[in-house]
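Trainee: Return atomic coordinates for the entry below.
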Amino acid sequence: MAIYGVLTLFRQNASMMLPRSHSELETLQHRLDWFPRFITAAAILLIGLRLAGLVAYGPLDISLIWFEFITVVLIVIAVTVATPMGRRLVQARTEAAQRADHERRNVEQLLQMTNMLQSARGASDSYTVLQATAENLLDGFGGGLYVFNNSRDRLELTLSWGWPEESPLPTALSPDNCWALKRGKRQLNHEGRGAIRCEHHQSNLAVLEIPMLAHGEIQGLLKLTPIVGQDVAALANIESTAEALADAMSLAVSSIRLRETLRHQALRDPLTGLYNRRYMQDALERLAAVADRTRSSLSIIMVDLDHFKKLNDEHGHATGDAVLRDVASALIASLRSSDVACRYGGEELVVLLPDCSLSQATEKAEAMRERIEILSSRYDASISASFGVAAIPETHRTPEDALKSADEALYQAKEAGRNRVVAASITGRPTPLMAAE
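Mentor: A predicted model of the protein is given here:
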């Protein structure tokens, strides 16, 4: 009876301390449950035989001794068999508990990643969080994150970590060459016999590719490979974790795209792609403050297309829109990365040139004027623009006065015959410096 109590207590404690698992654990549990019952039956039989022998034959009957001996042997065998089965059960449940704890930590890291992404200020912050999470969840594996470009005709490498240097990741992929993207399911590329590989897979690495879906649309592709060795089984073991990471990443990438789109719509003119008037006003105040602090110049160029209404009337609004886009491209091609080009309204544009003097801005305006005039041959129409230039602190001290002075210089350029550049003087009175011959 004491043995039964010990085994029963062991089984109950194991059940309370370790979580239940799959059918293998349940089978071991079922088998182990029979041994306390068997030992109890053997103990009852031993006691019954002893009592029967005392009553019928007396205490020294040899047959009862044999019965007792056989019963004890059976109990010993039962305990001997039950002990390794109990150990197997404990080991199996311990492994199940470790797996459950590992999965719990993975879920916690994914939740932490989601919380961090809520605080990300832009795409750079978001991708930093994604990389850190991937390195923690999939230790020992290198990865690459591909995201569709705006036209969705190719995927561009956005992020990579731990990838073997001997087989670098391509910078772009075509969705038509990827089985994972065509099927919408994970794809394992390896060199095994009979393996189906993507056309873009040109290395000897074993690579797991997982499409990233969010809101019913594929956002990108996650690629994983072992950093050391090329164990296909290792990739198979991380498939569930990798898919969970890909799902979380896809939502993050979708959120990044949405935020970038909304930000672009809030700051950009949809027709020309230039910054809008609201952004120009904020940028002007900011750049003027920097110029005052660093004692440098800030130049402002006002641009207005000549006879644009006539162009729309004679050639249609579609041609007018195309001309505006090409004019914007011509301006961008003439500018530095630090310069800011904006659509002020209608056919009026504004260019802000930090750390640029009045004379340098005037030369830059002339180069823009020439680029715009060249567009006439493309549209078989007269296309030109007038320019007004002002600068802080050379013509005015405040950004509001400088912008007004540039507008006045632009007006003077139109009055003087259009297709020319006029710069504001130090006194604020416009003086024509350059004009088309």
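
Trainee: Assumed Val351 was part of a helix.
Mentor: No. Val351 sits outside any helix when classified using DSSP: H, G, I helix; E, B strand; the rest coil, being strand.

Trainee: partners of it in the sheet?
Mentor: Ile301, Ala341 (DSSP bridges).

Trainee: Quick check: it touching Ile301?
Mentor: Yes. Using Cβ atoms under 8 Å, Val351 and Ile301 qualify as a contacting pair, with a distance of 4.1 Å. Placement of C-beta: from N, CA and C, glycine included.

Trainee: For the residue nearest the centre of the chain, give me its contacts.
Mentor: Geometric centre of the chain, nearest residue: Val253, 4.2 Å, by Cα atoms, centre = their mean. For Val253, the contacting residues are Leu145, Val147, Met212, Ala214, Gln219, Gly220, by Cβ atoms under 8 Å, 6 or more residues apart in numbering.

Trainee: at 10 Å what do you get?
Mentor: Listed by Cβ atoms under 10 Å, 6 or more residues apart in numbering, the contact set of Val253 reads 123, 126-127, 130, 145-148, 158-159, 212, 214, 219-220, 222.

Trainee: if we can go back for a sec, who touches both of Val351 and Ile301?
Mentor: In contact with both Val351 and Ile301: Leu331, Asp339, Ala341, Ala361, Lys364, Ala365, Met368, Phe387, Val389, Ala406, using Cβ under 10 Å, 6+ apart.

Trainee: Would you point out the helix or strand in this structure whose mean pLDDT is lowest?
Mentor: When each helix and strand of the chain is scored by mean pLDDT, DSSP states H and E, helix 2-17 comes last, with a mean of 38.

Trainee: So what's the residue count around the closest residue to Leu213 other than its chain neighbours?
Mentor: For Leu213, ignoring the flanking residues on the chain, the nearest one in space by Cβ to Cβ, 6 or more residues apart in numbering is Ser250 at 5.6 Å. By the criterion of other Cβ atoms under 10 Å, Ser250 has 23 neighbours.

Trainee: Now the phi/psi pair for Ser250, please.
Mentor: The phi and psi torsions at Ser250 (degrees, to the nearest 10) take the values phi -60, psi -40.

Trainee: residues contacting it?
Mentor: Counted by Cβ under 10 Å, 6+ apart, Ser250 has contacts 147, 210-215, 217-222.

Trainee: Repeat that for Arg186.
Mentor: With contact set as Cβ under 10 Å, 6+ apart, Arg186 has these partners: 179-180, 208-211, 222, 224, 235, 239, 242-243, 246.

Trainee: Return the residues in contact with Ala333.
Mentor: So Ala333 contacts Ala367, Met368, Arg371 (Cβ under 10 Å, 6+ apart).

Trainee: now with 7 Å?
Mentor: The contact partners of Ala333, taken as Cβ atoms under 7 Å, 6 or more residues apart in numbering, are Arg371.

Trainee: Please report how far it lies from His307.
Mentor: Distance, Ala333 to His307, by Cβ to Cβ, to the nearest Å: 23 Å.

Trainee: And His315, by the same measure?
Mentor: Counting by Cβ to Cβ - His315 and His307 are separated by 11 Å.

Trainee: ok, now Arg420?
Mentor: 14 Å.

Trainee: With neighbour numbers in mind, choose between the two.
Mentor: Using other Cβ under 10 Å, the more surrounded residue of Arg420 and His307 is Arg420, with 23 against 16.

Trainee: ok, the more buried one to Ser329 distance?
Mentor: Between Arg420 and Ser329 the computed distance is 22 Å (Cβ to Cβ).

Trainee: just Arg293 next, same as before
Mentor: Arg293 sits 33 Å away from Ser329, taking Cβ to Cβ as the criterion.

Trainee: who's more crowded, those two?
Mentor: Between Arg293 and Ser329, Ser329 has the larger neighbour count (other Cβ under 10 Å), namely 15 against 8.

Trainee: which residue sits closest to Leu245 in space, ignoring its chain neighbours?
Mentor: Leu137 (5.7 Å).

Trainee: Dig out what the closest residue to Gly162 other than its chain neighbours forms beta bridges with.
Mentor: Counting by Cβ to Cβ, 6+ apart, Gly142 is the residue found nearest to Gly162 once chain neighbours are left out, at 3.4 Å. Assessed by DSSP bridges, Gly142 has beta-bridge partners Thr225.

Trainee: Next one: Gly142 relative to Pro170, how far apart?
Mentor: In terms of Cβ to Cβ, Gly142 sits 15 Å off from Pro170.

Trainee: Who has more neighbours out of the two?
Mentor: The residue with more neighbours, out of Gly142 and Pro170, is Gly142; 23 against 15, by other Cβ under 10 Å.

Trainee: Confirm for me that the more buried one is in contact with Thr225.
Mentor: Yes. Counting by Cβ atoms under 7 Å, Gly142 does reach Thr225; the two are 5.4 Å apart.

Trainee: Between those two, which contacts overlap?
Mentor: Trp163, Pro164.

Trainee: ok, and the closest non-adjacent residue to Ile374?
Mentor: In space, Ile374 is closest to Ala330, 8.0 Å off (Cβ to Cβ, 6+ apart).
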